[in-house]
Structure formats: C-alpha cells, structure tokens
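Undergrad: model this:
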Amino acid sequence: MFGQYDESAIKDKLSRDFVYIGEGTDVLRRIRIQHTFEKEGKGSWQDVVVLVAVRSYFDETKIKYLEKRFIDIANKTRRYDLVNENKLANSNNKPLKHDLDTLEEIIEDTKLFLFHLGHRVLEPQPSQTNIAEEDKLFFSWSHSKTASTSAEITSGKAIGVRKEDGFWVLKGSVISKKTANYLPSGYKELREQNKKKIDKKQRLMEDIVFNSPSAASSFVCGRNSNGLTDWKNKDGVSLKELDAEEFSSESTGLPLPTPANRNRQNGRRRRETALPANIEVLSFASKKYPAQGYYLADSNEFVVLKGSKMNPKQRNACDAGIANERDNLVKTGKVKKCEFKEDVTFSSPSKAASVIAGGNSNGWDLWKDRNGRKLKDIIKR
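TA: Model prediction:
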C-alpha cells in the first residue's frame, strides 16, 4: 500500500512517500485496518497493489519468503519510508532451492510491474548501481570567500544523473552550507527536510531526487541556478546541448512517421503490408537507436516495427525481465545485429521502450508523434 505523509509530519521521515508491505489471506480487512499514522492524522493511503497467489503452488513458506525479500529490498533502496509496525520473525523454513529461481523471477516481474505503475519502491537508487560515465553530469559551484567564514566550504562539486523519475544528485556530492537570501522558500524547506542526509563535511550520504535539473543545482549551491546550462557531462557539454542533440527529430535519420511513408527507409520497403489509416506511427526519442511503432489502445500493447534499432549496450542496472526479453528476441531471430527483422508486440509502451533502450524507460514519455507530442499527451487528447 502506498501513501503520503502530510507536510507537518515529514520532518524526521526518509521521504514524504511511504509504503506498507505485508501478506494476508483477507486483503480487504488488512486495507481497512487503521495504522498509527492514520489515527494521528499524519497521512493517508493513495494506492494499493495486490499480488494474488495461486494456492496450488504457494504455501506459507514461499509467501513469507516473498514478503521478507520485498521488505529487505525496500529498506535497501530507501526510496520510501517503510511503515511496517511489526518486525518479521526470523523463520528457519526456507523455500527449496529449485523454488528460489521462480520466486526471484516473481520479484523481478513485480519490480517491472510497479515501475510501470509509477512506484519505484523496489528500484535501487542510482548510486547503488553502476552508472555509465557518459550518463553522469557534473556541477561545480563556488562562493566568494569574503562573504564566508574561514571554516565554511566555499566551493564544491556535485554529481548528478537524469532518470525516468527525476534528476538525482548522487551520494558524495558537496552541498553548499550557505544559502542566498533570495533562495525560494521551497528550496529552503527541501534543505531543512534533507539536512540529516548531509554530513559534517557537507557531503551527501545518500542520493536525493528532484523534479528538474534546476531544482537539483539550486539545492546544491544554495542560490538560483539554471540546471540546463549548469549541469555538464565529462566533456563540458551542457545538459541543454545534450538534449538538443539527443532528441532532435531531424537527426534521427527516420522518415516522418506517417502511414504513407512508413514503408520506406533508406530507399527500401520496411513492411509487406500497410497499416490501417487510423494508426498513428510514433518514433522513439533517441537518435542513437531510431525506432518506430504504434500503440494499441484496446489492449495497452505496443508494436515495434520492422527495421527499428535496439541499443547494443545493456545498462548495468537493467532489470532481469528486460534483459531476458532482449536475449529472447536475439535467440528467436526477431532481432539481428540490433535491428528488428519483424514487427514485435510488447505488453506496454514502457516495455517496448525499455527493451530498445537496454534498461527501464518510460515509454509514455519517449514515444512521440511527428509533432513531438508524447504518447501520454496523445492519449489524454
């Protein structure tokens, strides 16, 4: 169950978002039970996600194993405040070895399922994974020494990375202790909320996520900052320049995504049959691995078209489910040399985007029409 604390109750919490993880035979009764924070009016539930077990396979040992694993992962990722009031009793009963692979596969599928629902409780923070050097962004800041005491740190460097759920400032980044008088109150509140995550040397002890690069850089330096120009890669190229290069529709090398010209790429036919006139073909927002496809609203499936490209490199933090999907496409000959040799249907736009990108990706944002509109905006329209 997922919820949010009220603003007045988040001072000593890991996050404003919280989660309760548990198992039971009467799920409805468990949902209705009031927890302490509810009784005290400190927060409320927002969403409930239920995994239904098949009795012919699952017994109490397997269920308890899954419950403990989910709680252990949530404690490790530290993305949500875990509000389980009772500690799990250590059990000597463990699933048989041949059952562990099946249970771990269920855990990986659940990670992907929750990710697509917008809940990343089981997804590790960026610094808990191996981040490629080309994905890291850097921000150097400094303050005038005359305006600070000799004991204050007057300059520092932060490391960030942009993910599907926001812009992360990574563990080890140096945070300015000094703040400008004109710094918006929202940033000051964020600093107060996260002060326990900063050690005596002004270094972050864990990752923090922000809703924009500018919010991240302003938090770091304690004054207004344009994150699009202040965050730069290892070669000194700004995030704004990287975005212009990465997502330029003119640089993808793809034809305009319309049914009329969809069948041609570099002078050859891409498909034997034409799409129905009411199908809108979308392009993947990256010039590195150009791809096209279309969304099936009735089933929520997404079809990636023949001729699309797949990222040859798989991210280090790629979920096992996505990795297996990519391997199966190659083994079955549907993808050869990173090119789709036939149309492939995926269970969701995000699944298709994740397979193409080589790691978890939000397909609702990355599949776009010829005018640059995101799939989620097209659906709303």
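
Undergrad: Val48 is in contact with His119, correct?
TA: No - taking contact to mean CB atoms under 8 Å, the distance of 10.9 Å between His119 and Val48 leaves them out of contact. Just so you know, the C-beta spots here come from the backbone N, C-alpha and C atoms, and that holds for glycine as well.

Undergrad: what touches both of those two?
TA: By CB atoms under 8 Å, 6 or more residues apart in numbering, His119 and Val48 have these common neighbours: Phe2.

Undergrad: which of these two has more neighbours?
TA: When His119 and Val48 are compared for neighbours, His119 comes out ahead with 20 against 13, by other CB atoms under 10 Å.

Undergrad: quick one, what contacts the more buried one?
TA: The neighbours of His119, taking CB under 8 Å, 6+ apart as the test, are 2, 19, 47, 49.

Undergrad: do the same with Ala297
TA: Contact analysis of Ala297 by CB under 8 Å, 6+ apart lists Ile379.

Undergrad: what sits up against the longest helix seen in the chain?
TA: Among the segments of the chain that qualify as a helix by DSSP state H, the longest is helix 97-116. Around helix 97-116, the neighbours that count as contacts under CB under 8 Å, 6+ apart are 49, 51, 62, 65-66, 69-70, 73, 95, 120-123, 319-322, 348, 350-351, 354, 360.

Undergrad: what comes up buried for that helix?
TA: Residues 99, 106, 108, 110-112, 114-116 are the ones in helix 97-116 that count as buried (16 or more other CB atoms under 10 Å).

Undergrad: again, but for stretch 327-342
TA: Of the residues in stretch 327-342, those buried under the neighbour-count criterion (16+ other CB under 10 Å) are 329, 335, 338, 340.

Undergrad: pull the most distant pair out of the residues you listed.
TA: Pairwise distances across the buried residues of stretch 327-342 (CB to CB) peak at 10.0 Å, for the pair Leu329 and Cys338.

Undergrad: now do the helix or strand Glu189 falls within, average pLDDT.
TA: Under the criterion DSSP states H and E, the helix or strand holding Glu189 is helix 185-193. For helix 185-193, the per-residue pLDDT values average out at 82.

Undergrad: helix or strand right after that helix?
TA: Next in line after helix 185-193, if elements are assigned by DSSP H and E, sits strand 208-210.

Undergrad: right, and the helix or strand after that next one?
TA: Once the chain leaves strand 208-210, the next helix or strand it forms, by DSSP H and E, is helix 213-221.

Undergrad: off-centre distance for that following helix?
TA: Distance of helix 213-221 from the chain centroid (CA atoms, centre = their mean, to the nearest Å) equals 19 Å.

Undergrad: not counting residues beside it along the chain, what's closest to Pro124?
TA: For Pro124, the nearest residue in space outside its immediate sequence neighbours is Thr77; the separation is 5.2 Å by CB to CB, 6 or more residues apart in numbering.

Undergrad: phi, psi of the one you found?
TA: The phi/psi pair for Thr77 (degrees, to the nearest 10) reads phi -70, psi -30.

Undergrad: okay, Met1 and Asp47: tell me how far apart.
TA: Distance of Met1 to Asp47, computed by CB to CB, to the nearest Å: 7 Å.

Undergrad: joint contacts of these two?
TA: Shared between the contact lists of Met1 and Asp47 (criterion: CB under 8 Å, 6+ apart) there are no residues.

Undergrad: I'd like the buried residues of helix 97-116 as CSV, with distance to Asp207 appended.
TA: Converted to CSV, the buried residues of helix 97-116 look like this (distance: CB to CB, whole Å):
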residue, distance to Asp207
Asp99, 34
Ile106, 27
Glu108, 22
Thr110, 22
Lys111, 18
Leu112, 21
Leu114, 19
Phe115, 17
His116, 22
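
Undergrad: buried set for stretch 16-28?
TA: Neighbour counts using 16+ other CB under 10 Å place 16-21, 23 of stretch 16-28 among the buried residues.

Undergrad: now tell me what touches that stretch from outside.
TA: 1-5, 7, 10, 30, 35, 37, 43, 50, 63-64, 66-67, 70-71, 74, 79-84, 119, 121.

Undergrad: quick one, helices of the stretch 151-300 of the chain?
TA: According to DSSP state H, counting those that start in this stretch, the stretch 151-300 of the chain carries its helices in the segments 185-193, 213-221, 227-230, 239-246.

Undergrad: next: the stretch 1-150 of the chain.
TA: Using DSSP H, counting those that start in this stretch, the helices of the stretch 1-150 of the chain run over residues 27-32, 36-39, 60-77, 97-116.

Undergrad: now Glu301: phi and psi?
TA: With angles defined as degrees, to the nearest 10, Glu301 sits at phi -90, psi 160.
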